[in-house]
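> need coordinates for the following:
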Amino acid sequence: MALNLSLRLSLAHLAYALLIFLYCSSSSSSSSAVDLLQGSTNPRRPMILPLYLSSSKTTSSSTSDRVVADHNRRQLRNSPPPPNARMRLYDDLLANGYYTTRLWIGTPPQEFALIVDTGSTVTYVPCSNCGHCGKHQDPRFQPELSGTYQPMKCSVSCNCDSNDAQCTYERRYAEMSSSSGVLGDDVLSFGNESQLVPQRAVFGCEIKETGDLYTQRADGIMGLGRGRLSVMDQLVDKGVISDSFSLCYGGMDVGGGAMILGGISSPPDMVFTHSDPYRSPYYNIDLKEILVAGKKLKLKPSVFDGRHGTVLDSGTTYAYLPREAFLAFKSAVMKETRSLKQIHGPDPNFNDICFSGAGREVSKLLEVFPQVDMVFNSGKKLSLSPENYLFRHTKVSGAYCLGIFQNGDDATTLLGGIVVRNTLVTYDRENDKIGFWKTNCSELWKSLHYIDPSTPSPLPPKSQSTNVSIPPTVASGGLPHAPAPAPDGLLHAVFPGEFQIGLITFDMSLSINNSYMKPNITELTEFIAQELDVKASQVHLLSFNYKSNVSLFKWAIFPDESADYISNTTAMSIIQRLRGHHMRLPKKFGSYQLVELNVKPPVKPTWWKQNYWAVAVGALVTLVLGLSIFGALLIWRSRHTESSSYEPVNAAVPEQELQPLQTSTGLDGL
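Numbers count the residues shown, from 1 in each chain. Reported below is the predicted structural model:
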């Protein structure tokens, strides 16, 4: 009887696991697209999970595929750690609504900027024959130009197109955007920064996209969720990486960050919490309580376990709490910030909770805003800085707004990217746990003992500029110790003794098909600024040579008007786009070639420029003082002269001869 009961329970568990697996394979991406996608008209709409399912057939893996996958996973446990794919993150969470990474597809490789999304299970890019795709950062994928591309032929294990010729996919998101297309198999490359060599994988080639997916600047989405089509699952099933990946988002005003596909050596003080793969198709954690300024919110632990539980979604910008939890959190924060003035939010369409008078220094926010602690089931806690639950007010300097909102009537707790800024998050899928480690994500590569191939080579001590070169990749090691905790700090500069980049210049030759048409400099400047993600006012034309149908330009990228230098995150992005020939100019400008690229540190101001205010004030004070003294001397001398020209009444004076009166009338005889 006990044996039969045990058998029935085992079979029940197996059936439940299989059901979840099939659901994950066919389900849509998470609700991350609600506010992560650029151009969203309602970026703070609450998440409603799960997303819509495709109405077509459910996909599943064959028995042989599962056997091979299980064998590969066992081999990983008994062999030396495999290499991992180390990839940079770009953009800024709140400025763009998402983080992107660079992925190359095909042979020769075609580059794409993809949104990093732990809530999506499919990686897809616009296809060259897309009938309804928006204008994105890079050109569409052209299967006909890839020598390694193979369409996924229709079979019983996939949804098929109307001709029963090729496998298809369809994803619909909670804010009603969608992506659909065909599935293909090609070589994915992870860049020069990765130890992992290019690998074949299945991805989506879009033929239709709607909503925010159509209007966003990013090309597509890189799915890191659980599911047969996930990049992670495919690489793990091949046995080329361990079943783990990590994300690290940059802090407020910094952006950027790092992503590692595969395992890393976890820091000893990393805080882990259990993540149940059967709880929901999303990455969840065991959140039990929240503390504000060390005081526990009066909530039952079950409030964080409603519906899908507490879900981590890298593609969602903000955080969303169930109604009861949100009201308690809002009340506790407002109680701790009574010294600040509550003001209206930047957007009248939203009833944001904002505070003014906190100052612009991110490192000093903890002096006026409370620390928030998330306590897990194990009793361990993750401490959140103010930058993990606030965003800057865009219209009032020194003002901040709560980046945590009510999740409508949904009982799910959804933690977006804002909660894990400057936090290394390790998704250890093999051991069903997720780890958190507070660090400076912009400095993470230094802890990985990594030489950035996009970093300009060091300058000779006396040099003031350099030609950017790409050194070979050197990548090894784990995370031996934490980098310096500087939440709002930038990368250390690439110049010995320097910490800022003051100027980027590049020479570009432009070949125009029509020899009678000269390029419109103003229009070209605007396009270059758009492609390099800088303001048009930062792009200056230094020189211009025009001969026949070839033009030679010398451009300079200056810091923003409000800054003295170009941030390293921005500078590295500019350098990579220029060196990688990633600027996409309209056809009317013809084709361009990069001739030379130079990076210069900020020009150190002379002593006079550094101290001209002090000199001016000193000169003014000296002038006023001098005039005062001179005036006082004049007055003294004047008074002294007047007093010495008169003699006392009784004083003896020499006699003087009287002179006869002179008259001009000639009346002496009268």
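> report how many residues lie close to D373.
Look at D373: counted by other CB atoms under 10 Å, it has 17 neighbours. All C-beta atoms are positioned from the backbone trio N, CA, C, and that covers glycine.
> tell me the contacts of it?
Neighbouring residues of D373 by CB atoms under 8 Å, 6 or more residues apart in numbering: I290, L291, G294, K381, L382, S383, L384.
> any chance of a PyMOL selection covering the buried ones in those residues?
Selection of buried members from the contacts of D373 for PyMOL, criterion 16 or more other CB atoms under 10 Å:
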select buried, resi 290+291+381+382+384
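> now the two most distant members of the contacts of D373.
The most widely separated members of the contacts of D373, counting by CB to CB, are G294 and L382 (14.4 Å).
> averaged pLDDT, stretch 265-272. What do you get?
Averaged across stretch 265-272, the pLDDT comes to 92.
> which parts of it are buried?
Neighbour-count burial for stretch 265-272 [16+ other CB under 10 Å]: S266, P267, M270, V271, F272.
> distance of the second one from T439?
I take that to be P267. Relative to T439, P267 is positioned 8 Å away (CB to CB, to the nearest Å).
> just the fourth one next, same as before
Using CB to CB, we find V271 at a distance of 12 Å from T439.
> one more: the last one?
Using CB to CB, F272 is found at 15 Å from T439.
> how about the third one?
With distances taken as CB to CB, M270 is found 10 Å from T439.
> overlap in contacts, those two.
Among the neighbours of M270, those also in contact with T439 (CB under 8 Å, 6+ apart) are L424.
> chain neighbours aside, what residue packs nearest to E111?
Nearest-residue entry for E111: W104, 5.3 Å, with adjacent residues in sequence omitted and distances by CB to CB, 6 or more residues apart in numbering.
> any idea of the pLDDT on the residue nearest to F558 when sequence neighbours are not counted?
The shortest distance from F558 to any non-neighbouring residue, by CB to CB, 6+ apart, is to Q538 (5.1 Å). Note on Q538: pLDDT of 91.
> where does the protein dip in pLDDT?
In the predicted model of the chain, residues 1-81, 445-500, 512-519, 547-549, 569, 580, 603-613, 640-670 satisfy pLDDT under 70.
> give me the most central residue, it.
D92 (2.4 Å; CA atoms, centre = their mean).
> if I pick the nearest residue to that one once chain neighbours are set aside, what's in contact with it?
Excluding the flanking residues, the one nearest D92 by CB to CB, 6+ apart is G255, at 3.3 Å. If you count contacts by CB under 8 Å, 6+ apart, G255 has them with Y90, D91, D92, L93, A95, Y99, T569.
> just the buried ones from those?
Members of the contacts of G255 classed as buried by 16+ other CB under 10 Å are Y90, D91, D92, L93, Y99, T569.
> so which of the residues you listed comes closest to S511?
Proximity of those to S511 was ranked by CB to CB; the top entry is Y90 with 29.2 Å.
> K364 and P386, how far apart?
Taking CB to CB as the measure, K364 falls 10 Å from P386.
> quick one: which of the two has more around it?
Using other CB under 10 Å as the criterion, K364 and P386 rank with P386 on top: 23 against 13.
> what segments of the protein are helices?
2-26, 33-36, 63-77, 93-96, 212-215, 231-238, 323-336, 444-447, 521-531, 568-579, 607-610, 612-644 (DSSP state H).
> domain assignment for this structure?
For the chain, the TED database gives the domain ranges 85-241, 267-449, 503-600.
> and among those, the most buried is which?
domain 85-241 (a mean of 21; mean count of other CB atoms under 10 Å).
> how distant is it from the center of its chain?
The chain centroid and the centroid of domain 85-241 are separated by 20 Å, computed with CA atoms, centre = their mean, to the nearest Å.
> quick check: end-to-end length of that domain?
End-to-end distance for domain 85-241, by CA to CA, to the nearest Å: 8 Å.
> and if you look at stretch 260-279?
25 Å.
> centre of the chain to it, how far?
Worked out by CA atoms, centre = their mean, stretch 260-279 lies 22 Å from the chain centre.
> over to stretch 594-601?
Distance of stretch 594-601 from its chain centroid, counting by CA atoms, centre = their mean, is 24 Å.
> can I get it in PDB, CA atoms only?
Output of stretch 594-601 as PDB, limited to C-alpha atoms (Å, rounded to 0.1, in the frame of the first residue of the first chain):
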ATOM      1  CA  LEU A 594      36.000  55.100 -40.800                       C
ATOM      2  CA  VAL A 595      39.500  56.400 -41.500                       C
ATOM      3  CA  GLU A 596      40.800  57.300 -38.100                       C
ATOM      4  CA  LEU A 597      39.500  57.400 -34.500                       C
ATOM      5  CA  ASN A 598      41.000  59.400 -31.700                       C
ATOM      6  CA  VAL A 599      40.200  59.800 -28.000                       C
ATOM      7  CA  LYS A 600      41.500  62.700 -25.900                       C
ATOM      8  CA  PRO A 601      41.300  63.400 -22.200                       C
END
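> need the nearest residue in space to G225, chain neighbours excluded.
Leaving aside its sequence neighbours, G225 sits nearest to T121 (CB to CB, 6+ apart; 4.4 Å).
> same check, this time on E430
Nearest non-adjacent residue to E430, counting by CB to CB, 6+ apart: D243, 3.9 Å away.
> ok, the one you found - how many residues close by?
The tally of other residues near D243 (other CB under 10 Å) stands at 20.
> so how far is S189 from it?
For D243, the distance to S189 (CB to CB) stands at 21 Å.
> what's the answer for G119, then?
Per CB to CB, G119 is found 24 Å from S189.
> how about L287?
The value you get for L287 to S189, if CB to CB is used, is 37 Å.
> next one: Q110
Counting by CB to CB - Q110 and S189 are separated by 10 Å.
> next one: T273
According to CB to CB, T273 and S189 sit 34 Å apart.
> make JSON lines out of the buried ones among the contacts of G255 and add distance to Y173.
What follows is the buried ones among the contacts of G255, written out as JSON lines (distance: CB to CB, whole Å):
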{"residue": "Y90", "distance to Y173": "22"}
{"residue": "D91", "distance to Y173": "19"}
{"residue": "D92", "distance to Y173": "22"}
{"residue": "L93", "distance to Y173": "18"}
{"residue": "Y99", "distance to Y173": "17"}
{"residue": "T569", "distance to Y173": "28"}
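> ok, those residues vs L247, which is closest?
Checking these one by one against L247 (CB to CB), the nearest turns out to be Y99, at 8.1 Å.
> name the nearest residue to that closest one, sequence neighbours excluded.
For Y99, the spatially nearest residue (CB to CB, 6+ apart) is L89, at 4.5 Å.
> residues touching that neighbour, list them.
By CB under 8 Å, 6+ apart, L89 lies in contact with Y99, T100, T101, V116, L247, C248, Y249, G250, G256, G257, A258, M259.
> ditto for F558
Contact analysis of F558 by CB under 8 Å, 6+ apart lists L503, Q538, V539, H540, I566.
> ditto for G223
Neighbour list for G223: S29, D117, S120, T121, V122, T123, Y124, L229, S230, V231 [criterion: CB under 8 Å, 6+ apart].
> do the same with F203
By CB under 8 Å, 6+ apart, the neighbours of F203 are I105, V122, T123, Y124, V125, L183, G184, D185, D186, L188.
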